[in-house]
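Student: Sequence and computational prediction follow.
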Amino acid sequence: MSGGAASDAVLRVEGLVAGYVRDLPILRDVDLSLARDTLTAIIGPNGAGKSTLIKAIAGLVPVSAGRVVLDGREITGIRPDEMAGLGLAYVPQTDNVFRSLTISENLALVLRSVADRTRRLEELYALFPPLAEKRRERAGALSGGQRQMLAVAMALASRPRVMLMDEPSAGLSPKIQEEVLALARRLTREGVSILLVEQNVKQALRVADHCFILAEGRNRLDGPADRILSDPAVAEIYLGGTRVEPA
Ligand SMILES: Nc1ncnc2c1ncn2[C@@H]1O[C@H](COP(=O)(O)OP(=O)(O)OP(=O)(O)O)[C@@H](O)[C@H]1O
Ligand SMILES: [Mg+2]
């Protein structure tokens, strides 16, 4: 590749081989690049390895070959406690907030390691007024969309440059799904580059700049989202998959 997106990549994955069990790779030679200040979606059928890829980037799944490069610095196999300091954040699909704690208590937990935490807390509340309004409510009492908003706010506490999101819209109503994706889109204008796994292909392609399709642990197709949307190969990749593509 020459120039353009590849050279301006804030995150690059090269030839990644990773899996949960030794000698049983789930990801086989996966390449990916995330251009700065863009939203890139990872889609693909059930079990394609999308979550595994996100977790391997975040250092949560052992990598046996290949590398992960963040802003020119190799970060392959980072420890979870190194992540925030490197400018990377990960929003897991589930269990991403402490339900028995209030919004402000959840935020206080992640702000412990942030130097100017009072100022950062105010910035986060300014970014998400509904959280400011409900700051004394328990996370468990929030709506699904508000809980995702809190999870995103928690991930943003350390001012990451790259945020990995695994199916943030799963289990939400269509309207709230759109809001969560719009929120991800908005973050790209705040200097956060987003790598997003999304189950709803059409929504993902509407909101993303670029898209990677994984199948069976390998790269299948990638390109600008608008081009992928009209690519007949996409339907073919999903045919035979177990997940029924929502309208
Ligand atoms: N903790 C684990 N231990 C062993 N194998 C796992 C584990 N998690 C996932 N796998 C396997 O890795 C493969 C890829 O799973 P992964 O969760 O990455 O897929 P996915 O693309 O995120 O699928 P989905 O769309 O269902 O979320 C699957 O075969 C799955 O069974
Ligand atoms: Mg998954």
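Tutor: Structure's in. What do you need? Ligands and ions are numbered 1, 2, ... in the order given.

Student: Output the lowest mean pLDDT helix or strand found in this structure.
Tutor: Every helix and strand of the chain was ranked by mean pLDDT, DSSP states H and E. The lowest is helix 4-7, at a mean of 50.

Student: how about stretch 64-82: buried residues?
Tutor: Buried residues in stretch 64-82, defined by neighbour count with 16 or more other Cβ atoms under 10 Å: Gly66, Val68, Val69, Leu70, Asp71, Ile75, Thr76, Gly77, Ile78. Any C-beta I mention is one placed from the backbone N, CA and C, and that applies to glycine too.

Student: Residue nearest the middle of the chain, spatially speaking?
Tutor: Met165 (2.0 Å; Cα atoms, centre = their mean).

Student: could you say what helices and strands the longest helix along the chain packs with?
Tutor: Scanning the chain for the helix with the most residues, using DSSP state H, yields helix 174-188. Secondary-structure packing of helix 174-188 (3 or more Cβ pairs under 8 Å, 6 or more residues apart in numbering; DSSP states H and E): strand 39-43, helix 144-156, strand 193-197, helix 201-207.

Student: Adding mean neighbour count, distance to ligand 1 and mean pLDDT, write the ones you listed out as TSV.
Tutor: TSV is the format used below for the helices and strands packed on helix 174-188 (neighbours: other Cβ atoms under 10 Å; distance: least, Cβ to the nearest ligand atom, whole Å; pLDDT from 0 to 100):
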stretch	mean neighbour count	distance to ligand 1	mean pLDDT
strand 39-43	27	8	97
helix 144-156	22	16	93
strand 193-197	26	7	97
helix 201-207	19	11	90
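
Student: Looking at those, which is nearest to ligand 2?
Tutor: strand 193-197 (6.1 Å; Cβ to the ion).

Student: Quick check: neighbours of that closest one in the sheet, parallel or antiparallel?
Tutor: strand 39-43 (parallel), strand 162-166 (parallel) (DSSP bridges).

Student: Using PDB, write out the CA atom coordinates for the longest helix of the chain.
Tutor: Output in PDB follows, covering the C-alpha atoms of helix 174-188 (Å, rounded to 0.1, in the frame of the first residue of the first chain):
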ATOM      1  CA  PRO A 174     -33.300   0.400  17.100                       C
ATOM      2  CA  LYS A 175     -33.600   4.000  18.100                       C
ATOM      3  CA  ILE A 176     -31.100   3.700  20.900                       C
ATOM      4  CA  GLN A 177     -28.800   1.700  18.700                       C
ATOM      5  CA  GLU A 178     -28.700   4.600  16.300                       C
ATOM      6  CA  GLU A 179     -27.900   6.900  19.200                       C
ATOM      7  CA  VAL A 180     -25.000   4.800  20.400                       C
ATOM      8  CA  LEU A 181     -23.600   4.600  16.900                       C
ATOM      9  CA  ALA A 182     -24.100   8.400  16.500                       C
ATOM     10  CA  LEU A 183     -22.200   8.800  19.700                       C
ATOM     11  CA  ALA A 184     -19.300   6.700  18.300                       C
ATOM     12  CA  ARG A 185     -19.400   8.900  15.200                       C
ATOM     13  CA  ARG A 186     -19.300  12.000  17.300                       C
ATOM     14  CA  LEU A 187     -16.200  10.800  19.100                       C
ATOM     15  CA  THR A 188     -14.200  10.800  15.900                       C
END
